[in-house]
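>>> Kindly generate the corresponding structure for this input.
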Amino acid sequence: MSGDSLDAPLIVILGPTASGKTALSLALAERFAGEIVSCDSVSIYRDLVIGTAKPTADERRLAPHHLLDLVAPDEPFTAGDYARLARQALAEISARHHLPIIAGGSGLYLRALLEGLFPGPQRSEELRERLRRRVGERGSEHLHRLLSRLDRQAAAAIHPNDAPKLIRALEVCLLARQPMTELWQQGRDPLRGYRVLRLGLNPERSLLYERINDRARQMFDEGLVEETRALLARYGAKPPQVLNSLGYRQAAQLLTGELSRDEAIAAAQQGHRNYAKRQMTWFRRESEVCWIEGFGDDERVQRECVQRVARFVNK
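Here you go, the predicted structure:
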């Protein structure tokens, strides 16, 4: 989607976890009077701090940030909610004559924002309850394997521990009797009024995995287990599904004695590496991405992106 020259410029920074999207977004925001719109399906939750790698308080003071800490961990939040609020934020940023910069790794949320949502079937609470029981009996990974058979592309975009999204995707596939990704092509409402520059970060894989491993270990060192303990204590016998997300799940398994500390860290590292693979599989399908080899905190990468953005906004 390139749009008309009269459309407002919009920058999208995408890439796998730990690739430096936050650092690059801050560099561009400082250079171009930008405001940053998070595109992360876990960072929208309040009280989840250490395990989300949200921008720090110091980083948030460097540029305005949007769509962080929106809802409580036990409140429902959908891709449709994200698209609606993100489009509102984009309009407000552009009205201030600032440059909107979307940064994040949630491919489904980004697609909902840019391409719009599909006309899916009506919700079936009966089917959802059956799928919830299946999660309780066999785990969310079982639903992920089922979704992989029905809609491989949708499964690639959803983490195996994200039970709410898996349930919704299976509900759509089963009720519509066709893959959810095929429905995405029907009657969507794409974002209008913007010309979009997509910058994709593509670091060398072994170096990315080193960063992922270091980040996961650092989360445990900085108090992820204590944060998870406090959240579990607050919500009691029915913890919110978001606590099944990467890092928090392994910390909970450490608290229950299911895993040792070393095992929990190793499991979190493996989970994040697998997630990075799925993210790149998803983002490779995005059209018109300018792929940049390297990390977003690398000065060479930042210089190249500044040059690309300067040419783009001055068209």
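
>>> C-alpha only now, for contacts and for neighbours.
OK.

>>> Any regions of the protein where pLDDT drops low?
Low-confidence segments of the chain, defined by pLDDT under 70: 1-5, 118-120, 184-187.

>>> Can you tell me which residue is spatially central in it?
Closest residue to the average C-alpha location of the chain: residue 106 at 2.4 Å, with C-alpha atoms, centre = their mean.

>>> For the longest helix belonging to the chain, list every residue counted as buried.
For the chain, the helix that runs over the most residues, judged by DSSP state H, is helix 261-283. Judged by neighbour count (16 or more other C-alpha atoms under 10 Å), helix 261-283 contains these buried residues: 261, 264-273, 275-276, 278-280, 282-283.

>>> ok, residues contacting stretch 101-113?
For stretch 101-113, contacts defined as C-alpha atoms under 8 Å, 6 or more residues apart in numbering pick out 10-17, 21-22, 25, 29, 34-41, 79-80, 82-84, 86-87, 157-158, 190-191, 279, 282-283.

>>> if you set the cut-off to 6 Å instead, what comes out?
11-15, 35-40, 79, 83 (C-alpha atoms under 6 Å, 6 or more residues apart in numbering).

>>> and these as TSV, adding distance to residue 306 and neighbour count?
Formatted as TSV, the contacts of stretch 101-113 follow (distance: C-alpha to C-alpha, whole Å; neighbours: other C-alpha atoms under 10 Å):
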residue	distance to residue 306	neighbour count
11	11	23
12	13	21
13	12	25
14	15	28
15	17	28
35	15	25
36	15	27
37	18	23
38	20	26
39	21	27
40	23	22
79	30	19
83	27	22
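
>>> Of those, just say which sits nearest to residue 228.
residue 40 (19.3 Å; C-alpha to C-alpha).

>>> Relative to residue 132, how far out is the closest one?
In this view, residue 40 and residue 132 are 24 Å apart by C-alpha to C-alpha, to the nearest Å.

>>> How about residue 50?
Residue 50 is 28 Å from residue 132, by C-alpha to C-alpha.

>>> Comparing those two, which residue is more hemmed in?
residue 50 (22 against 18; other C-alpha atoms under 10 Å).

>>> Could you check how far the more buried one is from residue 108?
Taking C-alpha to C-alpha, one finds residue 50 at 23 Å from residue 108.

>>> Domain map for this structure?
The chain breaks down into these domains under automatic domain parsing: 8-117+189-313, 125-183.

>>> mind checking how far the longest one is from the chain centre?
When you say that, I think you mean domain 8-117+189-313. Domain 8-117+189-313 has its C-alpha centroid displaced from the chain centroid by 5 Å (C-alpha atoms, centre = their mean, to the nearest Å).

>>> Ok, the last one next?
Between the centre of domain 125-183 and the centre of its host chain there is 18 Å, according to C-alpha atoms, centre = their mean.

>>> what's the span of it, first residue to last?
With C-alpha to C-alpha, one end of domain 125-183 sits 20 Å from the other.

>>> what do you get for the longest one?
Between the opening and closing residues of domain 8-117+189-313 there is a gap of 9 Å (C-alpha to C-alpha).

>>> Tell me how many other residues surround residue 312.
15.

>>> among the contacts of stretch 101-113, which two are most distant?
35 and 79 (21.1 Å).

>>> contacts for stretch 208-222?
So stretch 208-222 is contacted by 18, 265, 269 (C-alpha under 6 Å, 6+ apart).
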